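>>> Kindly generate the corresponding structure for this input.
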Amino acid sequence: LQIPSVPSQPMAGSKSRRFTNKHSKKALKASLTLGILLGMFFVAWLPFFITNVTQAACGCVPAGFFDVLTWLGYCNSTMNPIIYPLFMRDFKRAMGKFLPCCRRLAEPQPSAISLSMRNSNSGARAATSLKNIL
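Numbering: from 1, shown residues only. Coordinates of the predicted model:
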């Protein structure tokens with residue numbers, strides 16, 4: 001009697017390692033993006049909040065300095081739309097859909113006819129079931 005060997009064991013391990021590596025790269029990139037965003041937030045807004053508490057306690061903060069720190073926080077808010085597309089591909093794609101200036105040249109634009117066919121009940125889409133749509 002011969003027992004058949006199972007050749008799929010090394011492949012399964014390789015596939016799971018590949019999945020783990022891909023998953024860990026995504027997690028690392030997400031942590032890096034989050035770290036950059038939170039770091040910039042704290043660098044920009046923490047001085048403002050400390051100065052605000054100090055102003056409430058002693059009233060010794062000059063108005064010009066307080067205005068500079070307020071504008072530093074505002075600058076952080078303007079940096080977020082720049083940071084997100086740099087580090088997040090999904091955000092970049094969504095911006096490309098809604099902002100004409102951010103679209104790629106190679107991306108095909110749907111014509112008015114294809115949009116009307118897609119929205120109407122004619123063509124191949126009429127034959128699809130509700131299960132396929134959901």
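>>> Leaving out sequence neighbours, find the closest residue to Met79.
Met40 (6.2 Å; Cβ to Cβ, 6 or more residues apart in numbering). All C-beta atoms are positioned from the backbone trio N, CA, C, and that covers glycine.
>>> Can you tell me the closest non-neighbouring residue to Leu32?
Phe87 (7.2 Å).
>>> right, and Thr54 touches Phe65 too?
No. Using Cβ atoms under 8 Å, Thr54 makes no contact with Phe65, being 10.4 Å away.
>>> Low-confidence stretches in this protein?
The model of the chain has pLDDT under 70 over residues 1-19, 102-134.
>>> same thing but at 80, please
1-23, 81, 84-85, 87-89, 91-92, 95-96, 99-134 (pLDDT under 80).
>>> And the helices in it, which stretches?
All helices of the chain, identified by DSSP state H, fall at 8-58, 63-87, 89-98, 112-119, 130-133.
>>> Would you convert those into JSON lines that also reports mean neighbour count?
Output for the helices of the chain, formatted as JSON lines (neighbours: other Cβ atoms under 10 Å):
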{"stretch": "helix 8-58", "mean neighbour count": "12"}
{"stretch": "helix 63-87", "mean neighbour count": "13"}
{"stretch": "helix 89-98", "mean neighbour count": "12"}
{"stretch": "helix 112-119", "mean neighbour count": "10"}
{"stretch": "helix 130-133", "mean neighbour count": "7"}
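>>> about what we covered before: so the residue nearest to Leu32 makes contact with Gly35?
No. In this structure, Phe87 is not within contact of Gly35 by Cβ under 8 Å, at 10.3 Å.
>>> Report the contact partners of the residue nearest to Leu32.
Lys29, Leu32, Thr33, Ile36 (Cβ atoms under 8 Å, 6 or more residues apart in numbering).
>>> how near is Phe87 to Ala30?
9 Å (Cβ to Cβ, to the nearest Å).
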